[in-house]
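Enquirer: Quick one, structure for this:
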Amino acid sequence: MHLRRGARRHDERGIAVPSPIAVLSLAAVALAGVAFVTTSGDPEEPAKAAGPVSASSSPSPSAPAPSPSAAATTAPKQVIDKQKPKKPKEPAVRRGQVYVEVYNNSGISGLAGSTASRIAGAGWQVVGSDNWYGTIPASTVYYPDRLEEEAELLAKDLGIARLNPAISPMRFDRLTVILTADFA
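Expert: Numbers count the residues shown, from 1 in each chain. As a prediction, this is how the structure comes out:
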């Protein structure tokens with residue numbers, strides 16, 4: 001290969017400089033990997049917040065003292081669990097915010113009224129009591145879907161075992177109790 005006079009010889013050795021897009025892509029992949037490693041964990045395990053530890057002079061009678069091996073196994077989880085978001089606690093059923101109607105489907109005079117008084121005394125918001133015309137096989141608490149937990153609590157308060165979803169002509173903003181016998 002002959003070079004002409006005055007022609008420069010090009011050196012084909014050199015360094016390929018990556019483009020800014022390649023550098024940013026590599027950095028994004030690295031950050032994604034770090035984020036994955038730091039946030040991965042058991043999604044089934046409930047979040048626990050590591051709170052301050054307070055020392056007391058006497059042990060709590062309701063809580064047994066943890067063994068040293070148990071404390072050693074839970075310490076790393078507490079560090080990891082701090083990074084997980086806290087799950088909001090479900091609010092307790094507030095009886096006074098739930099409307100209840102009570103109906104008598106038995107031959108016992110005044111059963112709906114006396115049971116309504118008993119329910120109101122337990123804190124429920126009774127909005128009516130009357131007679132129910134139809135055939136109900138057993139005393140029942142009827143509920144709309146959004147009040148199922150409240151219905152379970154009301155049934156427990158009254159000692160009623162039968163719960164069913166509300167049906168027409170019942171109102172779907174409240175619990176409906178239909179009594180077939182006195183169980184007081």
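Enquirer: For the longest helix seen in the chain, the averaged confidence score.
Expert: As assigned by DSSP state H, the longest helix anywhere in the chain is helix 20-39. Mean per-residue pLDDT for helix 20-39: 75.
Enquirer: Quick check: next helix or strand after the helix-or-strand element of the chain with minimal mean pLDDT?
Expert: The weakest-scoring helix or strand in the chain, judged by mean pLDDT, DSSP states H and E, is helix 68-81 (a mean of 50). Later in the chain than helix 68-81, the nearest helix or strand by DSSP states H and E is strand 99-104.
Enquirer: Note down every partner strand of that next one and its orientation.
Expert: Sheet pairing of strand 99-104 (DSSP bridges) gives strand 125-131 (parallel), strand 175-179 (parallel).
Enquirer: Just say helix, strand or coil for Ser106.
Expert: Following DSSP: H, G, I helix; E, B strand; the rest coil, the label given to Ser106 is coil.
Enquirer: Now the phi/psi pair for it, please.
Expert: Main-chain torsions, Ser106, degrees, to the nearest 10: phi -120, psi 180.
Enquirer: Spit out the contact partners of it.
Expert: Listed by Cβ atoms under 8 Å, 6 or more residues apart in numbering, the contact partners of Ser106 are 179-182. (C-beta placed from N, C-alpha, C; glycine too.)
Enquirer: Relative to Ala122, how far out is it?
Expert: To Ala122, Ser106 is 21 Å away according to Cβ to Cβ, to the nearest Å.
Enquirer: Same question for Val37.
Expert: Remark: distance between Val37 and Ala122 (Cβ to Cβ) = 52 Å.
Enquirer: So for the two, which sits in the more crowded spot?
Expert: A count of neighbours by other Cβ atoms under 10 Å puts Ala122 above the other of Val37 and Ala122, at 13 against 8.
Enquirer: How about that one, nearest residue that isn't a chain neighbour?
Expert: Asp157 (5.2 Å; Cβ to Cβ, 6 or more residues apart in numbering).
Enquirer: got a pLDDT number for that neighbour?
Expert: 93.
Enquirer: What of Leu147?
Expert: The score at Leu147 is 94. That number is its pLDDT.
Enquirer: Next, work out how far apart the nearest residue to it once chain neighbours are set aside and Ala166 are.
Expert: Of all residues not flanking Leu147 in the chain, Leu175 sits nearest, at 5.9 Å (Cβ to Cβ, 6+ apart). For Leu175, the distance to Ala166 equals 8 Å [Cβ to Cβ].
Enquirer: Compare those two and say which is more crowded by neighbours.
Expert: Legend: neighbour count by other Cβ under 10 Å for Leu175 and Ala166, higher for Leu175 (28 against 19).
Enquirer: my guess is that one meets Tyr143, correct?
Expert: Yes: shown here, Leu175 and Tyr143 form a contact pair, counting by Cβ atoms under 8 Å, at 5.4 Å.
Enquirer: which residues do the two both contact?
Expert: Jointly contacting Leu175 and Tyr143 under the rule Cβ under 8 Å, 6+ apart are 150-151.
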